[in-house]
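**Student:** Quick one: sequence plus predicted model below, questions after.
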Amino acid sequence: MMNLQGRGYLLTEQVNPDSLNLDQLSSVELVELFNHEDAKAVAAVAAAKVQLAQAIERIAEQLHHGGRLFYIGAGTSGRLAVLDAAECPPTFCTPPEMVQGIIAGGAGALVRSSEDLEDNAEDGEAAIAQRQVTQLDVVVGITAGGTTPFVHGAMSAARSRGATTIFIACVPAEQVSCDADIDIRLLTGPEILAGSTRLKAGTATKLALNILSTGVMVKLGKVYGNRMVDVAVTNQKLRDRALRILQDLTGLSREAAGFLLERSGKWVKLALLMHWTGLEKEEGLKLLSEYQGNLRAAVASYKNNSQS
């Protein structure tokens, strides 16, 4: 395991020359400085577009064949990992096991600082073993400074099990290397508050995870146009969103859209297919299954067959 002493050489630990007088700034100047620096997080994600695109393709391929996606991190990185994973089921109606977030210290570390737990590589290895990771799965290790032993232990264990590995860090590879299938570097530079990677590094990581999970779900047919047609209708807000999607895409009244939604079992994707093909629920389910849930492909196939 790498030596964690003397980490001052890491990009994320360096002192930002533009914030040397941080404690002397007015509140407006503070906000302006943050706004200026946060723009670098967006630029860092843009600079990693090729690697992010490769990751989307690789993850989608593995999940299409029954694999799972694991994010793993400690501290801020771990909390962001769990957040992104937790938002996939309500947004895309994915089973909870498809995308999972793993944080050093477990659930308690989400609300209480447990940064000391990131230093144990064996815990990372154990987390991978506990979830019985296989060659079908993808493990994304997230560590802003690149050195977290918990993450490196997990990545090593995942590689030994044949899983696809993706590494996300905010330091250049020449500072910290990692043997991964895809290496994503989000180079946001020194933080306004030296070493506080919950700032720009955390922002860039959140942006990258947004892109990864949403991009993968688009590839898996969870989206039609730019609508979340696999949204889980579990509360009034989401029911309203489902009804608006149906109204916008079908031209139905709100009442008719509500009736269609109920007939489909509260599944927007199936409701749309039923409306556009005239199929009943069971037939529609069968057609969607034949096309792995891809609404556009299923509807196109039905119409082509109907015309032939």
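**Tutor:** Arrived safely, thanks for sending. Numbering: from 1, shown residues only.

**Student:** Now for the residue nearest to R198 when sequence neighbours are not counted: which residues touch it?
**Tutor:** Nearest non-adjacent residue to R198, counting by Cβ to Cβ, 6 or more residues apart in numbering: T76, 4.3 Å away. For every residue, glycine as well, the C-beta is placed using N, CA and C. Taking Cβ atoms under 8 Å, 6 or more residues apart in numbering, we find T76 in contact with A144, T197, R198, A201, G202, T205.

**Student:** Give me the pLDDT value at T76.
**Tutor:** Here, the pLDDT recorded for T76 equals 93.

**Student:** now swap in the one 3 residues further on and tell me
**Tutor:** We note a pLDDT of 95 for R79 in this prediction.

**Student:** Please identify the helix or strand for it.
**Tutor:** Using DSSP states H and E, R79 sits in helix 75-86.

**Student:** I'd like the mean pLDDT over stretch 119-132, please.
**Tutor:** The model assigns stretch 119-132 a mean pLDDT of 95.

**Student:** tally of neighbours for G265?
**Tutor:** 11 (other Cβ atoms under 10 Å).

**Student:** I should have written P96 there, sorry.
**Tutor:** Counted with other Cβ under 10 Å, P96 comes out at 10.

**Student:** What of A300?
**Tutor:** Using other Cβ under 10 Å: A300 sits among 12 other residues.

**Student:** Please apply the same query to A86.
**Tutor:** For A86, the count of nearby residues is 15 (other Cβ under 10 Å).

**Student:** can you give me the strands in this structure?
**Tutor:** Counting by DSSP state E, the segments of the chain that form strands are 69-73, 99-103, 138-143, 164-169, 182-185.

**Student:** what are the ranges of the helices in the stretch 151-300 of the chain?
**Tutor:** 200-219, 236-250, 254-263, 268-277, 281-290, 295-307 (DSSP state H, counting those that start in this stretch).

**Student:** Which one of those helices lies nearest to Q24?
**Tutor:** helix 200-219 (20.9 Å; Cβ to Cβ).

**Student:** For the closest one, buried residues please.
**Tutor:** Burial within helix 200-219, assessed by neighbour count using 16 or more other Cβ atoms under 10 Å, is assigned to 200-209, 211-217, 219.

**Student:** rewinding a little: just send the helices of the stretch 151-300 of the chain back as a markdown table, with distance to G6 too.
**Tutor:** Formatted as a markdown table, the helices of the stretch 151-300 of the chain follow (distance: least, Cβ to Cβ, whole Å):
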| stretch | distance to G6 |
| --- | --- |
| helix 200-219 | 20 |
| helix 236-250 | 50 |
| helix 254-263 | 60 |
| helix 268-277 | 54 |
| helix 281-290 | 56 |
| helix 295-307 | 54 |
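
**Student:** For stretch 98-113, what does the pLDDT average out to?
**Tutor:** 88.

**Student:** Can we start the residue count at 50 from this point?
**Tutor:** Yes, from this point I'll number from 50; that puts the last item at stretch 147-162.

**Student:** neighbours of E110, just the number please.
**Tutor:** Residue crowding around E110 was assessed by other Cβ under 10 Å; the count is 15.

**Student:** Could you do Q111 as well?
**Tutor:** Neighbour count for Q111, taken as other Cβ under 10 Å: 19.

**Student:** what residues are up against it?
**Tutor:** L118, L185, D186, V187, T213.

**Student:** Can you lay out those as TSV showing pLDDT, distance to G150 and neighbour count?
**Tutor:** Shown next, in TSV, are the contacts of Q111 (pLDDT from 0 to 100; distance: Cβ to Cβ, whole Å; neighbours: other Cβ atoms under 10 Å):
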residue	pLDDT	distance to G150	neighbour count
L118	98	10	26
L185	98	18	14
D186	98	14	24
V187	98	13	27
T213	98	17	22
